[in-house]
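Chemist: would you be able to build a 3D model of this:
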Amino acid sequence: MNPPESSQSIRFDIVAGLTAAAVILPKAMAYATVAGLPVATGLYTAFIPMIIYALMGSSRVLSVSSTTTLGILTGTQLMMAVPDGDPGKLITAAATLTVLVGILLIVASLLRLGFVANFISNPVLTGFKAGIGLVIIFDQLPKLMGIHITKQGFFRDLFSIVHHVPETSLITLAVAAATLMVLMGMEHRWPHS
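Modeler: Numbering: from 1, shown residues only. Modelled structure (predicted):
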């Protein structure tokens, strides 16, 4: 490869890395809060999997990052394992869960069990995604309204939000509504292809 092509490729890789970091870091920290973990934990989930995959993975285009679904599923299990919400115990439980899931994935890979995913029907996946969407909406709604609720489960949280509506911060709600309108306007003006 000629030196100019190599330096051009490195420049593109650096720009791509910085762009990905600008998107992934805030998302990973938000997913940590969805899981009930300290925000700094999200930084570990942003960097460590990518470093491990860079050393062991084989695909150049695979996205290795935390997701909302993983955050919600992790948060559900952590609430059951550490009901008092102690941050130290939560991190220990999250690390234990991570190791156990990693071991199960390695075993599934060795046994070539990927075909099992073909048995999950589209209606089941659609229902799962719709449920995750509702959980995300009602998890973010108190933040948009400027209220604080204690998480106790989906329906209890929904009842608690309704109960705390009179305590809504109008300034927080106005900023949230304005931001949402800007995002919707940008999507309308410059739609994704």
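Chemist: state which helix of the chain is the longest.
Modeler: In the chain, assigned by DSSP state H, the helix with the most residues is helix 3-34.
Chemist: so which elements touch the helix or strand following it?
Modeler: The helix or strand immediately downstream of helix 3-34 is helix 39-56, counting by DSSP states H and E. For helix 39-56, the elements it packs on are helix 3-34, judged by 3 or more Cβ pairs under 8 Å, 6 or more residues apart in numbering; DSSP states H and E. C-betas here are computed from N, CA, C, even on glycine.
Chemist: and the helix it packs on, which residues are buried?
Modeler: Residues of helix 3-34 classed as buried by neighbour count (16 or more other Cβ atoms under 10 Å): 24, 27-34.
Chemist: now do stretch 147-166
Modeler: Neighbour-count burial for stretch 147-166, counted by 16+ other Cβ under 10 Å, picks out 147, 149, 157, 160-161.
Chemist: nearest to Gly57 among the residues you listed?
Modeler: Asp157 (37.4 Å; Cβ to Cβ).
Chemist: name the element the closest one belongs to?
Modeler: Using DSSP H and E, Asp157 falls in helix 154-163.
Chemist: distance of Phe12 relative to Met50?
Modeler: Distance of Phe12 to Met50, given as Cβ to Cβ, to the nearest Å: 18 Å.
Chemist: correction: Met181
Modeler: 34 Å.
Chemist: next one: Ala40
Modeler: Using Cβ to Cβ, Ala40 is found at 17 Å from Met50.
Chemist: so between these two, which is more surrounded?
Modeler: When neighbours are counted by other Cβ atoms under 10 Å, Ala40 and Met50 differ, and Met50 comes out ahead with 18 against 10.
Chemist: now the element after the helix or strand harbouring Leu78, going C-ward?
Modeler: Using DSSP H and E, Leu78 falls within helix 68-81. Downstream of helix 68-81, the next assigned helix or strand under DSSP H and E is helix 87-110.
Chemist: quick one: buried residues of that following helix?
Modeler: For helix 87-110, by 16+ other Cβ under 10 Å, it's 90-91, 93-94, 97.
Chemist: closest one to Gly57 out of these, please.
Modeler: Closest to Gly57, out of all of the buried residues of helix 87-110 and judged by Cβ to Cβ, is Leu97, at 21.8 Å.
Chemist: correct me, but the closest one touches Gln77?
Modeler: Yes: if you go by Cβ atoms under 8 Å, Leu97 and Gln77 touch, sitting 6.2 Å apart.
Chemist: domain ranges for the chain?
Modeler: The chain breaks down by automatic domain parsing into domains covering 1-119, 120-193.
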